[in-house]
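1. Test case, fold it:
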Amino acid sequence: MKHSIKKQLTLIFIFILAGTVLLCMAANFFFLKSYYLLNKKRNINDAYRFLDEASKNKKLMTPEFRQSLMILCEVNDISVVVLDNSNNVLASVSSDDKTLINQLSNNFLVDQLASKEGGSHFQTVHDSNSGNKYLELWGTLYNNEKFMIRCALVAVEDSVLIANKFLLIVGLIGMFMGCTTVIIITNRITRPLLKLTEISSKVSNLEFDTKYDCKGINEIDILGYNINNMSEKLEQTISELKCANNALLQDLQKRDAMEDMRKEFVSNVSHELKTPIALIQSYSEGLKEGIMDDEESRNYYLDVIIDESNRMNRLVKELMSLSELEFGNNQLEIERFDIVELLNNKIASSNLLLKQNEINLEFENADESIYVWSDEFRTEEVIQNYLSNAIHYCSKEKIIKLFIEKKEDTVRINIFNTGENIKDEDMEHIWDKFYKADKARSRDYGGTGIGLSIVKAIMTSYNMDYGCENKNNGVNFYFELPIN
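-> Next up is the predicted model:
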């Protein structure tokens with residue numbers, strides 16, 4: 001990453017370390033000499049005040065003073081000599097007393113003003129014999145004793161150069177160790193940040209599987225915890241939006257389907273009513289114009305008008321019934337009744353039609369009593385539609401069989417008729433409104449194409465199973481009802 005926070009942190013720490021080392025070297029180069037001289041002068045002044053205090057208290061000759069003076073000189077690496085007015089040595093701590101005494105005497109000879117005014121004076125001298133430099137403080141003490149304090153000055157410039165070289169080496173080692181430490185620390189700090197960056201990138205692409213593993217309670221862990229919560233809520237929100245969107249799509253599809261059904265319904269009703277209306281109109285006009293003079297022809301015309309009127313009346317009633325069932329406007333009245341008794345009644349009412357069509361009906365359970373829980377009126381409609389359908393499509397051996405299969409909690413009522421099987425392409429549409437597999441035969445017996453749609457609506461309201469299946473020599477329609 002071009003602007004990685006890891007690189008930025010590493011560079012920042014490296015610049016800080018390098019800047020610190022360079023600053024130390026510059027301070028060492030420019031201020032070490034002055035600091036060194038200031039420190040030496042401070043040591044010499046401390047020794048001067050010690051001597052002046054001893055002069056004031058007349059302790060210059062005491063053993064205690066000499067012992068303390070020796071310790072002071074050793075600690076501060078200085079030489080001291082104290083003379084009386086006759087240049088006799090009162091106190092001395094030096095490896096070369098003679099040189100100090102001569103230098104002190106020469107100073108007083110050269111600077112008579114200083115010897116008269118008293119006090120002390122700093123000076124820097126160069127010893128040509130040893131080649132060393134010295135910082136000296138000389139003058140008089142409280143009781144006019146002469147003194148000189150000398151401190152050897154090492155080559156400060158050489159010391160500064162050596163110190164800077166050492167500091168550079170130490171600084172480079174420190175920078176290397178510091179950089180290594182910085183890299184380790186920045187890796188540790190930025191690793192969770194990189195993980196959070198990866199997670200946020202996945203969340204932005206609507207991938208919610210990866211979660212941040214919170215191990216502590218620092219700011220980064222809190223951020224990771226918040227991103228996890230945000231990811232979960234975003235996933236939940238998107239899921240809810242998708243569900244709402246799917247529901248909306250389903251509603252739109254349902255609305256389109258309802259619109260298609262409405263158009264199809266209007267078209268089918270128009271088609272179904274067109275023929276009887278045309279027949280009624282044409283036969284009525286024929287009667288009015290007196291086309292048929294004989295009574296038999298007039299009766300035939302009247303019978304056609306009555307039949308077509310009854311057909312339209314039946315179609316309207318079935319449509320109203322189907323509409324009530326599909327839109328849930330009809331309240332089911334569930335009661336316990338004998339399904340065998342209801343079947344026997346429907347068979348009895350159909351005997352005339354069965355004889356006219358020379359159909360033999362067999363009912364295996366005719367002598368039993370089987371009670372079910374259902375709406376008796378609607379169940380009768382189902383049986384009526386199945387039985388009417390079986391009668392009008394029965395062929396070949398012309399046998400209709402009714403039999404009931406008992407199950408654990410339900411019974412299956414089967415109505416089988418011999419005849420032609422229903423084609424596979426028609427099987428899935430026989431429950432649709434106005435669908436007729438054999439339109440010519442439906443017209444012959446006055447079928448409206450709504451009966452099986454009514455069966456479907458009734459059984460759907462029951463939440464019970466129903467269906468149709470082809471057998472070797474015919475077709476079997478069935479429906480189930482609860483017994484408990």
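
2. for residue 148, phi and psi?
-> When read as degrees, to the nearest 10, the backbone of residue 148 gives phi -150, psi 130.

3. Run through the residues that contact it.
-> 80-81, 100, 103-104, 107, 136-138 (C-beta atoms under 8 Å, 6 or more residues apart in numbering). (C-beta placed from N, C-alpha, C; glycine too.)

4. who does the helix or strand containing residue 413 pair up with?
-> Per DSSP states H and E, residue 413 falls inside strand 410-418. Using DSSP bridges, the strands paired with strand 410-418 are strand 399-406 (antiparallel), strand 474-482 (antiparallel).

5. Could you save these as a markdown table and add columns showing mean pLDDT?
-> Below are the strands paired with strand 410-418 laid out as a markdown table (pLDDT from 0 to 100):
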| stretch | mean pLDDT |
| --- | --- |
| strand 399-406 | 94 |
| strand 474-482 | 94 |
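
6. Tabulate the ones you listed in a markdown table, adding columns for distance to residue 31.
-> A markdown table is the format used below for the strands paired with strand 410-418 (distance: least, C-beta to C-beta, whole Å):
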| stretch | distance to residue 31 |
| --- | --- |
| strand 399-406 | 112 |
| strand 474-482 | 105 |
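
7. between those, which gets nearest to residue 332?
-> strand 474-482 (12.4 Å; C-beta to C-beta).

8. Dump that closest one to PDB, restricted to CA.
-> Taking Å, rounded to 0.1, in the frame of the first residue of the first chain, the C-alpha atoms of strand 474-482 are listed here in PDB:
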ATOM      1  CA  GLY A 474     -59.300 -45.600 -16.900                       C
ATOM      2  CA  VAL A 475     -58.900 -42.600 -14.700                       C
ATOM      3  CA  ASN A 476     -59.200 -42.200 -10.900                       C
ATOM      4  CA  PHE A 477     -60.100 -39.000  -9.100                       C
ATOM      5  CA  TYR A 478     -59.600 -38.800  -5.300                       C
ATOM      6  CA  PHE A 479     -59.800 -36.500  -2.300                       C
ATOM      7  CA  GLU A 480     -59.000 -36.900   1.400                       C
ATOM      8  CA  LEU A 481     -60.900 -35.900   4.600                       C
ATOM      9  CA  PRO A 482     -59.800 -36.100   8.300                       C
END
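
9. got the phi/psi numbers for the closest residue to residue 335 other than its chain neighbours?
-> Excluding its sequence neighbours, the residue lying closest to residue 335 (C-beta to C-beta, 6 or more residues apart in numbering) is residue 376, at 6.2 Å. The phi/psi pair for residue 376 (degrees, to the nearest 10) reads phi -60, psi -40.

10. Distance check, residue 376 against residue 453.
-> 21 Å (C-beta to C-beta, to the nearest Å).

11. where along the stretch 351-484 of the chain do the strands fall?
-> Along the stretch 351-484 of the chain, counting by DSSP state E, counting those that start in this stretch, strands occupy 360-363, 371-374, 399-406, 410-418, 466-471, 474-482.

12. now those strands as TSV including distance to residue 194 and mean neighbour count?
-> TSV is the format used below for the strands of the stretch 351-484 of the chain (distance: least, C-beta to C-beta, whole Å; neighbours: other C-beta atoms under 10 Å):
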stretch	distance to residue 194	mean neighbour count
strand 360-363	81	15
strand 371-374	67	18
strand 399-406	68	18
strand 410-418	63	21
strand 466-471	61	15
strand 474-482	63	20
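
13. quick one: low-confidence parts of the stretch 51-200 of the chain?
-> In the predicted model, the stretch 51-200 of the chain carries pLDDT under 70 at residues 109-119, 128-131, 155-157, 160.

14. mind redoing it with 50?
-> Counting by pLDDT under 50, the stretch 51-200 of the chain contains low-confidence ranges at 113-117.

15. next one: the stretch 351-484 of the chain
-> Across the stretch 351-484 of the chain (using pLDDT under 50), the flagged ranges come out as 439-446.

16. Kindly recompute the last result at 80.
-> 432-451, 484 (pLDDT under 80).

17. before we move on, back to that, please enumerate residues in contact with the strand holding residue 413?
-> So strand 410-418 is contacted by 339, 343, 370, 372, 383, 386-387, 390-391, 393-405, 464-465, 471, 473-483 (C-beta under 8 Å, 6+ apart).

18. cool, and stretch 74-83?
-> By C-beta under 8 Å, 6+ apart, stretch 74-83 touches 43-44, 46-47, 51, 60, 69, 72-73, 89-97, 100-101, 104, 141, 145-152.

19. distance of the closest residue to residue 143 other than its chain neighbours from residue 101?
-> Counting by C-beta to C-beta, 6+ apart, residue 55 is the residue found nearest to residue 143 once chain neighbours are left out, at 4.9 Å. The gap separating residue 55 from residue 101 is 18 Å, by C-beta to C-beta.

20. Same question for residue 92.
-> Distance of residue 92 to residue 101, computed by C-beta to C-beta: 8 Å.

21. What's the first helix or strand after the helix or strand harbouring residue 39?
-> Using DSSP H and E, residue 39 sits within helix 5-56. As assigned by DSSP H and E, the chain's next helix or strand after helix 5-56 is helix 63-76.

22. Now that following helix: buried residues?
-> For helix 63-76, the neighbour count (16 or more other C-beta atoms under 10 Å) marks 65-66, 69, 72-73, 76 as buried.

23. again with stretch 172-184
-> Across stretch 172-184, burial judged by 16+ other C-beta under 10 Å covers 175, 178, 182.

24. was I right about the second one contacting residue 17?
-> Yes. Under the criterion of C-beta atoms under 8 Å, residue 178 makes contact with residue 17 at 4.7 Å.

25. the helices in this protein, which residues?
-> In the chain, the helices defined using DSSP state H lie at 5-56, 63-76, 97-110, 112-117, 156-204, 219-289, 295-326, 339-349, 351-356, 376-393, 424-427, 439-445, 451-462.

26. Next, the angle helix 5-56 makes with the fifth one.
-> Going back to what we said before, that points to helix 156-204. In terms of direction (axes from the mean of the first three to the mean of the last three C-alpha atoms, to 10 degrees), helix 156-204 departs from helix 5-56 by 150 degrees.

27. Give me the helices and strands touching helix 156-204, please.
-> helix 5-56, helix 219-289 (3 or more C-beta pairs under 8 Å, 6 or more residues apart in numbering; DSSP states H and E).

28. Report the angle between it and helix 219-289.
-> 20 degrees.

29. got it, and the last one?
-> If you take the same axes, to 10 degrees, helix 451-462 sits at 140 degrees to helix 219-289.

30. just the angle between helix 451-462 and helix 376-393, please?
-> 150 degrees.

31. Show me which positions of helix 451-462 end up buried.
-> 451-459, 462.

32. and if you look at the shortest one?
-> By 16+ other C-beta under 10 Å, the buried positions in helix 424-427 come out as residue 427.

33. could you dump the buried residues of stretch 172-184 to TSV with distance to residue 38?
-> Formatted as TSV, these follow (distance: C-beta to C-beta, whole Å):
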residue	distance to residue 38
175	31
178	32
182	37
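
34. I'd like the distance from residue 474 to residue 73, if you could.
-> If you go by C-beta to C-beta, the gap between residue 474 and residue 73 works out to 137 Å.

35. oh, I was asking about residue 56
-> In terms of C-beta to C-beta, residue 56 sits 20 Å off from residue 73.

36. cool, and residue 34?
-> 24 Å.

37. Likewise for residue 180?
-> 48 Å.
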